[in-house]
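1. Below: sequence and its predicted model.
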Amino acid sequence: MFQGRSFVKEIDFTPEELEYMIDFGIHLKKLKKKGIPHEYLKGQNICLLFEKTSTRTRAAFTVAANDLGAAPEFMGANDIQLGKKESVEDTAIVLGSMFDGIEFRGFSQEMVESLAKHSNVPVWNGLTDEWHPTQMIADFMTIKEKFGNLKGRKLVYCGDGRNNMANSLLITGTMLGVNVTIASPKSLFPEKEVIERAEAFGKQSGAKPVITEDIKSAVVNADVLYTDVWVSMGEEDKFEERVKLLKPYQINKELTDLVKGDYMILHCLPAFHDTETLYGKNIEEKFGIKEMEITDEVFRSEQAHQFEQAENRMHSIKAIMALTNGNLFIPKV
Ligand code: CP
Ligand code: NVA
């Protein structure tokens, strides 16, 4: 029932199917750690199309494909004709005739949907401006590994409330029964349609999505504090306004002191928690701040699980590819 399907946005699958992907990721992680082979895609070829840069997603798809017995092939923005000399439709037909599955990371959600429509093979969205669905399976897998369950948990996302990560967390969390709060300035609240969709899922799952400017009240009783960069790929001209707007939404010690009980911190990465990057140095020179969305102290605290989360990208992407392309026998989900 997963076989042959694309994963271009979270709502392509039911909440039960998403949770099955998460559980299958946990299972595949155990197989990997025990050295038990799991070559569900033996003999396949997987195309990795990247218009935007990546470390985790590219590494995860590559290693996952290899572990599954498939051969991955990376194609960067400047390597192929797509967009410049050839339409998405024509590219999709050609790639689909040679490859067994296609990963796409880029700007436009329409492009990934068009690839899925015309290629005749499963297409997996490795991030667009709107959604980051493969990241979701890793994130909720990491939360389930820590707490043993998802339903009724509270996740508070602090920062840019209308980027791909905020959209995906709000929708996926609410589908899975997680109470997601988006804490961000009003001007960066999620789009109305995204909020309405989350509210509709909340009616089915029992979760209560909340959108608020009041970060201090929001974080109380959180199980998960989540943040992402203040400026996403493709918006690099917006640093000045975002630094001003989002400084009060930084995850720092003062904020984590307000959270009561056991909690974890997640970040999809890459993170600006010091000045060890080109952007980090520029921002320090221009605005006098050494840390952006998360302080170095909190990033290195025992509650921070971002590196397990990053590793889980590989196990969860493996689950997604195996389920949608591995001809597995799956009893009714
Ligand atoms: N989290 C994530 O998608 O990381 P990359 O941009 O490195 O792939
Ligand atoms: N919002 C970030 C996520 C990176 C994984 C971006 O799009 O750049």
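-> Alright, I've got the coordinates. Ligands and ions are numbered 1, 2, ... in the order given.
2. quick one: Leu48 and Ser54 touch, right?
-> No - if you go by CB atoms under 8 Å, Leu48 and Ser54 don't touch, sitting 9.1 Å apart. Just so you know, the C-beta spots here come from the backbone N, C-alpha and C atoms, and that holds for glycine as well.
3. Just checking stretch 240-254 against ligand 2, any contact.
-> No - judged by CB under 6 Å from any ligand atom, stretch 240-254 and ligand 2 are separated, with a smallest distance of 11.6 Å.
4. Next, show the common contact partners of Leu48 and Ser54.
-> By CB atoms under 8 Å, 6 or more residues apart in numbering, Leu48 and Ser54 have these common neighbours: Gly126.
5. Get me the contact residues on the protein for ligand 1.
-> 54-57, 127, 135, 268-270.
6. If we use 5 Å, what do you get?
-> 54-57, 268 (CB under 5 Å from any ligand atom).
7. Just the buried ones among the residues you listed, please.
-> Using 16 or more other CB atoms under 10 Å as the burial test, these include 54, 56-57, 268 as buried.
8. Among those, which pair sits farthest apart?
-> Distance extremes for these: the farthest pair is Ser54 and Cys268 at 11.3 Å, using CB to CB.
9. Strands along the stretch 151-300 of the chain, start to end?
-> Along the stretch 151-300 of the chain, counting by DSSP state E, counting those that start in this stretch, strands occupy 154-158, 179-183, 210-212, 224-227, 264-267.
10. Of all the ones you listed, which one is nearest Phe24?
-> Taking CB to CB, strand 264-267 is the member of the strands of the stretch 151-300 of the chain nearest to Phe24, at 20.4 Å.
11. Can you spell out which helices and strands pack onto the closest one?
-> helix 133-147, strand 224-227, helix 296-299, helix 306-325 (3 or more CB pairs under 8 Å, 6 or more residues apart in numbering; DSSP states H and E).
12. want to throw the ones you listed into JSON lines with mean pLDDT, distance to Gln81 and mean neighbour count?
-> Output for those, formatted as JSON lines (pLDDT from 0 to 100; distance: least, CB to CB, whole Å; neighbours: other CB atoms under 10 Å):
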{"stretch": "helix 133-147", "mean pLDDT": "99", "distance to Gln81": "25", "mean neighbour count": "24"}
{"stretch": "strand 224-227", "mean pLDDT": "98", "distance to Gln81": "37", "mean neighbour count": "27"}
{"stretch": "helix 296-299", "mean pLDDT": "98", "distance to Gln81": "41", "mean neighbour count": "18"}
{"stretch": "helix 306-325", "mean pLDDT": "98", "distance to Gln81": "25", "mean neighbour count": "24"}
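13. And whatever residue of the stretch 151-300 of the chain ends up closest to ligand 1, how close does it get to Gly206?
-> Closest residue of the stretch 151-300 of the chain to ligand 1, CB to the nearest ligand atom: Cys268 (3.9 Å). From Cys268 across to Gly206, the span is 26 Å (CB to CB, to the nearest Å).
14. now the strands of the stretch 151-300 of the chain as a markdown table including distance to Tyr279?
-> Output for the strands of the stretch 151-300 of the chain, formatted as a markdown table (distance: least, CB to CB, whole Å):
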| stretch | distance to Tyr279 |
| --- | --- |
| strand 154-158 | 19 |
| strand 179-183 | 23 |
| strand 210-212 | 28 |
| strand 224-227 | 16 |
| strand 264-267 | 15 |
